[in-house]
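Asks: no letters, just coordinates:
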């Protein structure tokens, strides 16, 4: 099971706290958690953190989505410094994915992994085309709130059906699928329930937004696997 | 015309860097919750950085127990914003940096 902890690059103290946890990956976020006017400073935080680390093999970066003005600069600055991988949110078309992959190949000296975030129906139905010719894509992750926005629904049954489709599509391509975050930090019982269900659906891991979610998420996955 | 750029925050584990135009050139000031030695260290880092980047003006750094890599990152952002602010000023009104 892979546990990935998001840390906003606009909050360096959070990033440092994330680095001392025992998660499998720390994902430095340049996207949703960073205000539009602070994209440049967040990128600098990510770059200097990566440069300062002796080993950064569990440090990932979530770049901005295709179509955003910030994506090109994100890739140019962080990819040469990374040894683990990037998360790419908001993809819709093969052209968008291919453009990112081309940039990654040009800018990285290592075989960097790429996790594609599936956050809309167009991407979910087009997974085979998004993956074609891109062996660096190492996993698919689900982006829950953006998917809900895309569909214009808050029906969780619809969301879980989409999650099942994602897991099946990932399996068909021999890839793991990782579940989206659970945002209510004050409700560990609901966090457990959400993680348990994710494991039962077949996700191989989950993203979290706070270190407090580490033990409960791990425990839920463990319980789901033995039950 | 007075120019000013900032980078960073007052939050714990961060620094706030402010660069303000000043006719008499470079002045670096640092304050830190961690005391005088820390302030001296930050001043050394900042002085070297701004000299390397040809920044003139008053450079103020307020430290709230940030790591050195954070200080460098915030200086980098402030330097870029400073350079961009120079480009934004029409040639006639540009001050001596």
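Replies: Nice, thanks for sending it over. Owing to the predicted nature of the structure, the values given are computational and were not obtained by experimental measurement. Numbering: from 1, shown residues only, chains lettered A, B, ... in the order given.
Asks: hey, where'd the helices end up in chain A?
Replies: Remark: helices assigned in chain A by DSSP state H are A:12-19, A:39-52, A:71-78, A:94-107, A:121-125, A:127-131, A:144-151, A:156-172, A:188-201, A:213-226.
Asks: dump those into JSON lines; add mean pLDDT and mean neighbour count as well.
Replies: Every C-beta, even on glycine, is put in place using the N, C-alpha and C of the backbone. Converted to JSON lines, the helices of chain A look like this (pLDDT from 0 to 100; neighbours: other C-beta atoms under 10 Å in any protein chain shown):
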{"stretch": "helix A:12-19", "mean pLDDT": "97", "mean neighbour count": "20"}
{"stretch": "helix A:39-52", "mean pLDDT": "98", "mean neighbour count": "23"}
{"stretch": "helix A:71-78", "mean pLDDT": "98", "mean neighbour count": "20"}
{"stretch": "helix A:94-107", "mean pLDDT": "98", "mean neighbour count": "17"}
{"stretch": "helix A:121-125", "mean pLDDT": "98", "mean neighbour count": "17"}
{"stretch": "helix A:127-131", "mean pLDDT": "98", "mean neighbour count": "18"}
{"stretch": "helix A:144-151", "mean pLDDT": "94", "mean neighbour count": "17"}
{"stretch": "helix A:156-172", "mean pLDDT": "97", "mean neighbour count": "17"}
{"stretch": "helix A:188-201", "mean pLDDT": "97", "mean neighbour count": "19"}
{"stretch": "helix A:213-226", "mean pLDDT": "96", "mean neighbour count": "17"}
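Asks: can these go into TSV with extra columns for distance to residue A:62?
Replies: Output for those, formatted as TSV (distance: least, C-beta to C-beta, whole Å):
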stretch	distance to residue A:62
helix A:12-19	13
helix A:39-52	10
helix A:71-78	9
helix A:94-107	12
helix A:121-125	16
helix A:127-131	17
helix A:144-151	12
helix A:156-172	18
helix A:188-201	19
helix A:213-226	17
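Asks: how close does the spatially closest residue to residue A:158 that is not a sequence neighbour sit to chain B?
Replies: Of all residues not flanking residue A:158 in the chain, residue A:151 sits nearest, at 6.6 Å (C-beta to C-beta, 6 or more residues apart in numbering or on different chains). To chain B, residue A:151 is 36 Å away according to C-beta to the nearest C-beta, to the nearest Å.
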